[in-house]
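Chemist: just need the structure, nothing else, for what follows:
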Amino acid sequence: MAKSIIGILTVFFSFFLIAELYPQVDTHGLPKNNFALFSELSLTGLDELQDVVTVLGKEKIFKISIDEKSEEAEFLINNVKQKFSSYNFIYEKDDGFDYNVIFSSIKFSVSYSDLKADKIIGDEMFVRDLSSAFKFSVLNSGNGQQLVSKTYRDKVKTEYYDYIQENSFGFMKSGLPDKPFLKKVLVPAIIVAVSAIAAILFFTIRSK
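Modeler: Modelled structure (predicted):
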């Protein structure tokens, strides 16, 4: 009977340890990384500028200006170039244009929260929040400054943490919150307890 108990505990402990140390990553269900999501938010937000430009006339020449230098500004301009590649947008010249588009107050951010496990041994998830915001104005167009703000939220498994942050932009990265009580305290305690019980039973049998 005691040997059976030891066998069961050994199997349980081995499974528990493997599950904790070597979580399996499902490569078929990878979430979108932060770079892809920020690109989507930016391109969607630029729809508002596209509406203004379309009304003013796609054949017009638009000078693109930005009042700050940052990673966020560089990223946004790259998306502007991508979205408006077929438009008459210029970025370097200071004359020979019909309208001047000025971007300002550019802010992109990501944060992670609510680190939770659905069970003692199971998937650990965190909530991902992304936000994209900027202002633009088109001088001499009769339009005032416009604020564009987009957000995105989802849940991600902790084993995908490094994957979703894989890019060269610092603003697309953030730290994870502390682990929940179950993972931080209770789980190690269970592992120690199971190991101790198995050891006690093992030496008890050998002494008989």
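Chemist: E74 should be in a helix, yeah?
Modeler: Yes: assessed by DSSP: H, G, I helix; E, B strand; the rest coil, E74 belongs to a helix.
Chemist: and the gap between Y163 and G175?
Modeler: 16 Å (Cβ to Cβ, to the nearest Å). The C-beta positions use only the backbone N, C-alpha and C, and glycine is treated the same way.
Chemist: pLDDT weak spots in the chain?
Modeler: Low-confidence segments of the chain (pLDDT under 70): 1-28, 118-122, 179-196, 198-208.
Chemist: if we go to 80?
Modeler: Within the chain, the set of residues satisfying pLDDT under 80 comprises 1-29, 116-123, 178-208.
Chemist: so which of Y163 and G175 has more stuff around it?
Modeler: Legend: neighbour count by other Cβ atoms under 10 Å for Y163 and G175, higher for Y163 (15 against 9).
Chemist: pull out the buried positions in stretch 95-102.
Modeler: F97, Y99, V101 (16 or more other Cβ atoms under 10 Å).
Chemist: just the terminal-to-terminal distance for it.
Modeler: Start-to-end span of stretch 95-102 (Cα to Cα, to the nearest Å) is 15 Å.
Chemist: give me the residues contacting it.
Modeler: Under the criterion Cβ atoms under 8 Å, 6 or more residues apart in numbering, residues 49, 56, 60-67, 89-90, 136-141 lie in contact with stretch 95-102.
Chemist: so of these, which ones are in strands?
Modeler: F62, K63, I64, S65, I66, F89, I90, F136, S137, V138, L139 (DSSP state E).
Chemist: coming back round to it: with secondary structure and distance to S85 added, can I get the buried residues of stretch 95-102 in CSV?
Modeler: Shown next, in CSV, are the buried residues of stretch 95-102 (DSSP: H, G, I helix; E, B strand; the rest coil; distance: Cβ to Cβ, whole Å):
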residue, secondary structure, distance to S85
F97, coil, 17
Y99, strand, 18
V101, strand, 15
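Chemist: could those residues go into a markdown table alongside distance to E40?
Modeler: Listed next are the buried residues of stretch 95-102 as a markdown table, based on distance: Cβ to Cβ, whole Å:
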| residue | distance to E40 |
| --- | --- |
| F97 | 29 |
| Y99 | 27 |
| V101 | 21 |
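Chemist: out of those residues, which comes closest to K81?
Modeler: V101 (12.6 Å; Cβ to Cβ).
Chemist: do you know how far the closest one is from N34?
Modeler: In terms of Cβ to Cβ, V101 sits 26 Å off from N34.
Chemist: again, but for N100
Modeler: On the measure of Cβ to Cβ, N100 and N34 end up 31 Å apart.
Chemist: what's the burial count for F169?
Modeler: Based on other Cβ under 10 Å, the number of other residues close to F169 is 15.
Chemist: so what does the spatially most central residue of the chain look like in phi/psi?
Modeler: Nearest to the mean C-alpha position of the chain, counting by Cα atoms, centre = their mean, stands N34 at 4.1 Å. N34 adopts backbone torsions of phi -60, psi -40, taken as degrees, to the nearest 10.
Chemist: that'll do, ta.
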